[in-house]
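Chemist: model this:
(2 chains)
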Amino acid sequence: MPAGKRLRRLAPNRRTGRRRGGLLQLGLRARITAVFTLGALALSLLLTSITYFTTSSSIVSQDEHSFELQAIANATSLHESVYALDPAVVRENVFGLSDELRSTTSYSLIYITSLLTWFPSSPVTFSEDDLPASLRTLTLSGNSGEQTFIFRGEPHFAVGIAIPHGTYYFGVFSLSQANAELHVLLASLIGAAAVTTLLGAALGRWAAGRTLRPLRDVSEAASSIASGMLDTRLETGDARDLAVLTSSFNRMADRLQQRIERDARFTSDVSHELRSPLTTLATSLSVIESRRDELPERSQRALDLLSTEVRRFQRMVRDLLEISRFDARSADFATSQVEIGDLVRHAVAPAGHPPLSVTISPADDHRELSVDKRRIERVFGNLIENADRYAGGVTEIVVETGEHSVRVCVDDSGPGIPQADRDRIFERFARGPGTAGSRGAGVGTGLGLALVQEHVRLHGGRVWVSDSPTGGARFVVELPLSQGGEESAKTPDGGSDAPDRETAR
Amino acid sequence: MASRILIVEDDERIRASMGLALEDEGYDVVEAGSGEEALVRFTQSLSFEPLDLVIIDIMLPGMDGFECCREVRRQSAVPIIMVTARTDTHDVVAGLEAGADDYVTKPFEPKELAARIRALLRRARSTEGGPSTITFGDLEIMPEAGVVRLAGEEVHLTRTEFLLLCELAANHGKVLSREQLLERVWSYDYFGDGRLVDVHVRRLRTKVEPDPANPRYVLTVRGLGYKLAP
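Modeler: Numbers count the residues shown, from 1 in each chain, chains lettered A, B, ... in the order given. Predicted coordinates for the structure are as follows:
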């Protein structure tokens, strides 16, 4: 069987897939978004750093070059004026020089060997001790040099020039302006990188949404089919690579729908076919029954058997038709507004049944509920019949209302229902353990509780079994209280024919 | 004199058994196997011995039950019971709109059918008490004479429509719920089918309202029921 094979092959994959951790535990959409975000982040970081480093080195080298030229020019002008070897002249020159340079946040230092004196620029904020030692040594040994260093927390560029005749010029220039420019650059690059990353994330999200839309459509369609909308199909979109998925999904849905509808129709068809002979049987039987007294005793007993079974047959066909309408989703739902007390008292009093005790608080009695009365009548009729048949009859019926729902508890005096069977008894043709095999007098149709469940579900309610306080079983029917009670009551005519009526499903 | 009932049913065995059962109940039974035959029988009977009630199965070969029902209704106000295949809205409402007064669903209990026949016949015979003429604007209702006039012209109502109107008129201005109307007009219990009321109100409106889409007399009170406005 190829399908089985495929399933087996798929199963281990799924298991390993589940074991993988990290990103893979996220949803597909989140994963795609994350990949796009990380990609955009990496790319923008790479571009940012390349831009930053090339720009910064070009800015720095440009600045350094101009500082170098400045230093050489300073040194040259100094060279022309140091012949006097008079410290005062030198000082003046140096001061003049430094005056010129003051505006450019730079310092100058001159060392004259013959005087063994350092001449700092004025004001004396930078001394020879602040010079980087390696540059000083290098320059004083007769070589010119340059170096970047940190002075008072700011980057500075120092140029040392050995001028003939034992004179050394040191120019120190602040790099803080270039630095500030670089900071601005860095900030804008980081900003751009962040924007790019966010754009990447947004793109990823959009792309993930777009890519996964067919997948989402498929899963939505599948769950809508699962919830019973059998005619749900996927739209054949324009994406060619998805056409295979779409068409095979739709084909699957077609087959499924055909099959389910065929099954539902079969039940319904069979039941419909049975109705005509049954009508004849029941009607003819009623003719004989009206002459029961004229029959010999043996014939009377046979007639009783016949009528019991025909009645049961009739109920079974009626129940089958009803349940096949649920299966075919063609159950009509005719609701009307009723008071809880009225509803329950009428519904628990099937024709010919001895009266049952109903406990309801006076406040709850007149609360309104929107129900299909015929269906609610069947619900309680079936529950009472069930109790009569299997559990010695109903002991009490208790109505409790909550804020949003009303619960009707139907207690019986039977042995109760074991925990394990509490769901099973609502299945079709499920029979109580005590009665299995012994189809004694008055067996039911096997559909009673299944129909109870379907009717209650149609109202948006629930039904379940628990224990009654007296040890029997308690069937609890929970129905939602009508939300729009006041609303529908106050709405004026509006041309509609019916005071309230709706068709569901 | 025994009431005469026409059974229109294509299944010979059902027809025969129904005939037996209804004869047991004391009715005179006329059988028809198709809609066409039913109309012939019906027209024949009009001249000498009128029928008191007609039972029509919806699923008929040739002319279907709805058509047959409409034809009978065109000629007479005789009570009609439809035998429908299912309780679903479509068949029931279509049957009632074709002019049926009530319906039963196959497989029906013979007792149930008998009870409905009795209710319809009893109603058809009973005469109303109360005032001789009730007037609402252009609408004149004479319960005892069984006559309704709209702007002086006589309106032909079926028995059910007439009783419905009389019931609303007797309680004019008061809202009657569908349950109350079912009980009083059809003599049904609490679990009667409210669709009976809705469809008959609709039909009644087409006859007594100048503009059935915007009713002036027979008003819907949503969530509660119907009333006749003065």
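
Chemist: for the lengthiest strand in chain A, packing partners?
Modeler: The longest strand of chain A (DSSP state E) is strand A:154-163. Where contact means 3 or more CB pairs under 8 Å, 6 or more residues apart in numbering or on different chains; DSSP states H and E, strand A:154-163 is packed against helix A:28-81, helix A:133-140, strand A:145-151, strand A:167-174, helix A:176-226. C-betas here are computed from N, CA, C, even on glycine.

Chemist: how about 6 Å then?
Modeler: helix A:28-81, helix A:133-140, strand A:145-151, strand A:167-174 (3 or more CB pairs under 6 Å, 6 or more residues apart in numbering or on different chains; DSSP states H and E).

Chemist: Can you say which of these is nearest to residue B:81?
Modeler: helix A:28-81 (61.7 Å; CB to CB).

Chemist: For the residue nearest the centre of chain B, give me its contacts.
Modeler: Residue closest to the average C-alpha location in chain B (CA atoms, centre = their mean): residue B:101, at 2.2 Å. Going by CB atoms under 6 Å, 6 or more residues apart in numbering or on different chains, residue B:101 touches B:79, B:80, B:160.

Chemist: Nearest to chain B among the helices and strands packed on strand A:154-163 would be which one?
Modeler: Closest to chain B of the helices and strands packed on strand A:154-163 is helix A:28-81 (CB to the nearest CB; 44.0 Å).

Chemist: so the closest one versus strand A:167-174, what angle?
Modeler: Orientation check (axes from the mean of the first three to the mean of the last three CA atoms, to 10 degrees): helix A:28-81 against strand A:167-174 gives 150 degrees.

Chemist: same for helix A:28-81, what does it pack against?
Modeler: Looks like helix A:28-81 contacts strand A:154-163, strand A:167-174, helix A:176-226 (3+ CB pairs under 6 Å, 6+ apart).

Chemist: what's the most buried one of these?
Modeler: Each of these was scored by mean neighbour count; the highest is strand A:167-174, a mean of 25, by mean count of other CB atoms under 10 Å in any protein chain shown.

Chemist: Name the residues that touch that one?
Modeler: Residues contacting strand A:167-174 (CB under 6 Å, 6+ apart): A:67, A:71, A:74-75, A:78, A:82, A:105-112, A:126, A:139, A:156-163.

Chemist: please redo it, this time with the cut-off set to 8 Å
Modeler: Residues from elsewhere that reach strand A:167-174, judged by CB atoms under 8 Å, 6 or more residues apart in numbering or on different chains: A:63, A:67, A:70-71, A:74-75, A:78-79, A:82, A:101, A:104-113, A:126, A:128, A:130-131, A:135-136, A:139-140, A:151, A:154-163.

Chemist: Partner strands of that strand, with direction?
Modeler: Counting by DSSP bridges, the strands paired with strand A:167-174 are strand A:106-112 (antiparallel), strand A:154-163 (antiparallel).

Chemist: Low-confidence regions, the stretch 251-400 of chain A specifically.
Modeler: Counting by pLDDT under 70, the ranges of the stretch 251-400 of chain A that qualify are A:351.

Chemist: isn't there a strand covering residue A:343?
Modeler: No: when the secondary structure is assigned by DSSP: H, G, I helix; E, B strand; the rest coil, residue A:343 falls in helix instead of a strand.

Chemist: Report the contact partners of it.
Modeler: Contacts of residue A:343 (CB under 8 Å, 6+ apart): A:369, A:371, A:373, A:376.

Chemist: Outline the domain layout of chain A.
Modeler: Domain ranges of chain A: A:19-227, A:242-327, A:336-435+A:443-490, per automatic domain parsing.

Chemist: So what's the gap between the second one and the chain middle?
Modeler: If I follow you right, that is domain A:242-327. Relative to its chain's centre, domain A:242-327 lies at 45 Å (CA atoms, centre = their mean, to the nearest Å).

Chemist: For that domain, measure first residue to last.
Modeler: 32 Å (CA to CA, to the nearest Å).

Chemist: what do you get for stretch A:324-332?
Modeler: One end of stretch A:324-332 sits 12 Å from the other (CA to CA).

Chemist: So which bits of it are buried?
Modeler: A:324, A:325, A:326, A:327, A:328, A:330, A:331, A:332 (16 or more other CB atoms under 10 Å in any protein chain shown).

Chemist: Kindly reformat the residues you listed as TSV containing secondary structure and distance to chain B.
Modeler: Shown next, in TSV, are the buried residues of stretch A:324-332 (DSSP: H, G, I helix; E, B strand; the rest coil; distance: CB to the nearest CB, whole Å):
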residue	secondary structure	distance to chain B
A:324	helix	10
A:325	helix	7
A:326	helix	12
A:327	helix	14
A:328	coil	11
A:330	coil	7
A:331	coil	8
A:332	coil	5
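
Chemist: okay, and for the chain, where does confidence drop off?
Modeler: You didn't say which chain, so I picked chain A. For chain A, the stretches with pLDDT under 70 are A:1-26, A:81-105, A:121-124, A:237-239, A:351, A:431-443, A:482-505.

Chemist: ah, I was thinking of chain B
Modeler: B:1, B:86-89, B:124-132, B:189-192, B:223.

Chemist: Where do the strands of it begin and end?
Modeler: B:4-8, B:28-32, B:53-57, B:80-84, B:102-105, B:134-136, B:139-142, B:147-150, B:153-155, B:218-221, B:225-228.

Chemist: Show the secondary-structure elements that the last one is packed against.
Modeler: Taking 3+ CB pairs under 8 Å, 6+ apart as contact, the helices and strands that strand B:225-228 lies on are helix B:159-170, helix B:178-185, strand B:218-221.

Chemist: May I have that strand as PDB, with CA atoms only?
Modeler: This file holds the C-alpha atoms of strand B:225-228, laid out as PDB (Å, rounded to 0.1, in the frame of the first residue of the first chain):
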ATOM      1  CA  GLY B 225     -45.600  37.000  18.200                       C
ATOM      2  CA  TYR B 226     -48.300  38.800  16.200                       C
ATOM      3  CA  LYS B 227     -51.000  41.400  16.800                       C
ATOM      4  CA  LEU B 228     -53.700  43.100  14.900                       C
END
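
Chemist: contacts for that strand?
Modeler: A:499, B:136, B:165, B:168-169, B:171-178, B:180-181, B:197, B:201, B:217-221.

Chemist: Buried ones among those residues?
Modeler: Here, 16+ other CB under 10 Å leaves A:499, B:136, B:165, B:168-169, B:175-178, B:180-181, B:197, B:201, B:217-221 buried among these.
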